[in-house]
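Participant: No letters, just coordinates:
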C-alpha cells in the first residue's frame, strides 16, 4: 500500500466513522484516532511522511474556516470575557506550568524546548471538543464557549510556540522582543484577515455563480493563512478574522442555492479533513512511540507528570473562573454564555482534549538549530506531546459521554423550541407585512390576497409546526388544526415532487434528451423541494 492509497483509506474511514460513532455513542474523532493506530500496526501500511512545514497550512485553515461557519461575530463579542479567560489566560498559565514541570522531570530538556512543549500541549483541540460536545446534547452556551475557546486558543499557543522555537534555534531570547512580536503578529493577522475578507466578499458578489463562490471560499482560508505567515503574522488569527468578516457581511438572504451549496460543501470538507487529521494522529502515534522506544522508560514518568499538569491546571483554573463569571453574571445584565453549575464546569474541564493542533506543532519542530546541531530535546518533546494527546483525546473522549450522563448535563430543548417558535412567528409576520405593503401599491384579487395570507402563516408552521397563531390562546386550536393539515399537505407535496424528480431523472437515459438540460431541470426541482 502506498501513501496515496493510505490517504484514501483514511478518507473512507472519516465517512464511515460518523454513523458508527452515532450508533456507539462515541465521538468520531476518537474512533478515527484508534482506527489510525490500528492501521499503523498492519505490516503492509507504510509510515507517513509529511513535511512538518506543510501540516499546519494544510490542516488548520479549512478546519478553522468550517468551525467559524457555526458561530457569529455577535456571539464572540458577547462571550469575549469567558473566551479570553480560556483562550488566552489559561493557555499562558498551562504553558508556564508545563514548561516548569517538563524542564524539571524530562531528561535533557532545556527551558526553551520546555516552553515549546508547554505551548503546543496547552490549547484544547477545537475540532475534537466541538465534535464531541455537538453530539452529546450539551447546552448551547457550553458548546458556544468550547467553540470560542477552541477557535482562539490556537492563536495564543502558536505565537508562544514560535517564540520558544526561535529561542531554542537561535540560542537567545528577549522578553520585550517576544511581547512586541506577539502584538505585531496579532495586528498584522487582523489587518490581513479584514482586507482578504473584504476582497473575497467583493469577488464572490462579482462571480455570482454558486459553484464559483464555493470554490473561492475554499481558497480564501489558505490564502489568508499563507499571506499572514509570510508577513510574520498569525495565520490562525488571520483565517478567523477573514471567516468572521465573511459570515457577518456576505449573507444574502435570497441566495438560496449558494447558501445550500456552501453549507453542504463545508460540511463535507469538515468531515473529511477532520477524519483524515485524526487518523494521521493514530498513525503518527505508532511512529513516534516506535522511534522513542529506547528512551520510553526514562521519558514515561515525565510524560505522566505533564499529562497530570495539563489536566489538573485546567480544572484548577476553571473552578474559580466559572464561579467568578457566575457572580459577575448575576450582578450585571450580561449577554454572555457561562457554565451555570459546577456540573457544567466539570464537563467543560473534561472536554479539554488535545488533538490536531498539538500533533501538527509537535511534528513541525525543526530538526536542527543554527549551527547545524540537533534541536534540543526534540525526541522527548514528540514523545511527551503524543502521550498528552493519547491520554486526553482517547481517555477523555471515550469517557466524556458517560460523564455527561452521570452528571445529568443536557441542553434546554424547551428553550430551543421556544426560540424556534419565536423565529417562526417573526418570519410569518415579516411575510404578511410585506404582503400588506404590496397590496398598498398593487391591486390583488381578494381570493389571491387571502391565499397569500394563508401561505404567509403556513410559512411559520413549516418552520415550527407547534407555533401558536399570534400567541393568542383563542386561536391556538385553529392553529393546531392548520398545522396538522399542513403536515398532510407537505407529505402529499413531497410525494408529488418525488414523482416529478423520478420522471425527469428517468429521461436522462432516453434518446433525444440532453443530460445537461435534464440536470438543469432537476436542479430547479431540487431547489424547489428544499424551499
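Facilitator: Thanks, I have the structure now. Computed from a prediction, not measured in an experiment: that's the story for all the values here.
Participant: Report the buried residues of the helix or strand harbouring residue 81.
Facilitator: Here residue 81 sits within helix 80-84, counting by DSSP states H and E. For helix 80-84, burial by neighbour count (16 or more other CB atoms under 10 Å) applies to 81-83. In short, each C-beta sits where N, CA and C put it, glycine included.
Participant: between those, which is nearest residue 517?
Facilitator: Ranked by distance to residue 517 (CB to CB), the buried residues of helix 80-84 are led by residue 83 at 50.7 Å.
Participant: still on that earlier bit, need the buried residues of helix 80-84 in TSV with pLDDT, can you?
Facilitator: Shown next, in TSV, are the buried residues of helix 80-84 (pLDDT from 0 to 100):
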residue	pLDDT
81	74
82	74
83	74
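Participant: Run through the residues that contact residue 66.
Facilitator: Shown in contact with residue 66 (CB atoms under 8 Å, 6 or more residues apart in numbering): 266-267, 269-270, 273.
Participant: so how far is residue 180 from the closest residue in space to residue 170 that isn't next to it in sequence?
Facilitator: Spatial nearest neighbour of residue 170, chain neighbours left out: residue 370 (5.6 Å); criterion: CB to CB, 6 or more residues apart in numbering. To residue 180, residue 370 is 21 Å away according to CB to CB, to the nearest Å.
Participant: Would you write a ChimeraX line that selects the buried entries of the contacts of residue 66?
Facilitator: The buried residues among the contacts of residue 66 can be selected in ChimeraX (16+ other CB under 10 Å) with this line:
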select :266,269,270,273
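Participant: May I ask which two of the contacts of residue 66 are separated the most?
Facilitator: 267 and 273 (11.2 Å).
Participant: helices and strands of this structure: which one bottoms out on pLDDT?
Facilitator: helix 126-135 (a mean of 66; mean pLDDT, DSSP states H and E).
Participant: Next secondary structure element downstream of that one?
Facilitator: helix 140-170.
Participant: Now that next one: buried residues?
Facilitator: 141-169.
Participant: As a check, name the ranges of all helices in the stretch 1-150 of the chain.
Facilitator: Along the stretch 1-150 of the chain, counting by DSSP state H, counting those that start in this stretch, helices occupy 3-24, 28-41, 52-68, 73-78, 80-84, 90-105, 111-121, 126-135, 140-170.
Participant: Quick check: mean pLDDT of the following helix or strand past the last one?
Facilitator: Downstream of helix 140-170, the first helix or strand assigned by DSSP H and E is helix 175-207. Helix 175-207 carries an average pLDDT of 86.
Participant: Tell me the predicted confidence for residue 480.
Facilitator: pLDDT, residue 480: 63.
Participant: Let me fix that, I meant to ask about residue 241.
Facilitator: For residue 241, pLDDT reads 90.
Participant: so is it in a helix, a strand, or just coil?
Facilitator: helix (DSSP: H, G, I helix; E, B strand; the rest coil).
Participant: Now do the contacts for it.
Facilitator: Here residue 241 is in contact with 189-190, 192-194, 197, 224 (CB under 8 Å, 6+ apart).
Participant: Now with 7 Å, please.
Facilitator: Counting by CB atoms under 7 Å, 6 or more residues apart in numbering, residue 241 makes contact with 189-190, 193-194, 197.
Participant: Can you give me the distance of it to residue 61?
Facilitator: 12 Å.
Participant: Check residue 176 too.
Facilitator: 31 Å.
Participant: now do residue 24
Facilitator: Distance from residue 24 to residue 61, by CB to CB: 31 Å.
Participant: Looking at these two, which one has more neighbours?
Facilitator: Taking other CB atoms under 10 Å, residue 24 and residue 61 do not tie; residue 61 has more neighbours (26 against 13).
Participant: how about the closest residue to the more buried one other than its chain neighbours, what does it touch?
Facilitator: Once flanking residues are discounted, residue 61 sits nearest to residue 221: 3.7 Å by CB to CB, 6+ apart. Shown in contact with residue 221 (CB under 7 Å, 6+ apart): 61-62, 64-65, 239, 242-243.
Participant: Could you dump those into CSV with distance to residue 518 added?
Facilitator: Listed next are the contacts of residue 221 as CSV, based on distance: CB to CB, whole Å:
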residue, distance to residue 518
61, 37
62, 33
64, 39
65, 34
239, 39
242, 38
243, 36
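Participant: Confirm for me that residue 258 is in contact with residue 213.
Facilitator: Yes - judged on CB atoms under 7 Å, residue 258 makes contact with residue 213 at a distance of 5.4 Å.
Participant: Between those two, point out the one with more neighbours.
Facilitator: The neighbour count for residue 258 versus residue 213, taken as other CB under 10 Å, is higher for residue 213 (23 against 20).
Participant: Please give the element, helix or strand, for the more buried one.
Facilitator: helix 210-230.
Participant: and that helix with helix 140-170, angle?
Facilitator: 40 degrees (axes from the mean of the first three to the mean of the last three CA atoms, to 10 degrees).
Participant: Quick check: buried residues in helix 210-230?
Facilitator: 210, 213-214, 217, 220-225, 227-229.
Participant: Could you do stretch 6-14 as well?
Facilitator: Buried residues in stretch 6-14 (16+ other CB under 10 Å): 6, 9-11, 13-14.
Participant: Would you quantify the distance from residue 351 to residue 196?
Facilitator: Distance from residue 351 to residue 196, counting by CB to CB: 32 Å.
Participant: If you count surrounding residues, which of those two has more?
Facilitator: Between residue 351 and residue 196, counted using other CB under 10 Å, the more crowded position is residue 351 (28 against 23).
Participant: how about that one, phi and psi?
Facilitator: When read as degrees, to the nearest 10, the backbone of residue 351 gives phi -80, psi 0.
Participant: just checking, it touches residue 397?
Facilitator: No - under the criterion of CB under 7 Å, residue 351 lies out of contact with residue 397, with a separation of 8.9 Å.
Participant: Grab the most central residue of the chain for me.
Facilitator: Geometric centre of the chain, nearest residue: residue 67, 2.9 Å, by CA atoms, centre = their mean.
Participant: Can you read off the pLDDT for the nearest residue to residue 315 once chain neighbours are set aside?
Facilitator: Closest residue to residue 315 apart from its sequence neighbours, by CB to CB, 6+ apart: residue 349 at 4.7 Å. Looking at residue 349, its pLDDT reads 87.
Participant: give me the element residue 349 is part of.
Facilitator: helix 342-350.
Participant: For that helix, which helices and strands make contact with it?
Facilitator: helix 140-170, helix 296-331, helix 397-407 (3 or more CB pairs under 7 Å, 6 or more residues apart in numbering; DSSP states H and E).
Participant: Nearest to residue 28 among the ones you listed would be which one?
Facilitator: helix 397-407 (9.9 Å).
Participant: residues near residue 202, how many?
Facilitator: Using other CB under 10 Å: residue 202 sits among 11 other residues.
Participant: cool, and residue 446?
Facilitator: When neighbours are counted by other CB under 10 Å, residue 446 comes out with 7.
Participant: distance of it from residue 452?
Facilitator: Taken as CB to CB, the span from residue 446 to residue 452 is 11 Å.
Participant: Please apply the same query to residue 223.
Facilitator: 45 Å.
Participant: returning to that earlier point: which one of the buried residues of helix 210-230 is nearest residue 110?
Facilitator: residue 229 (26.0 Å).
Participant: need the contact list for that closest one.
Facilitator: So residue 229 contacts residue 235 (CB under 7 Å, 6+ apart).
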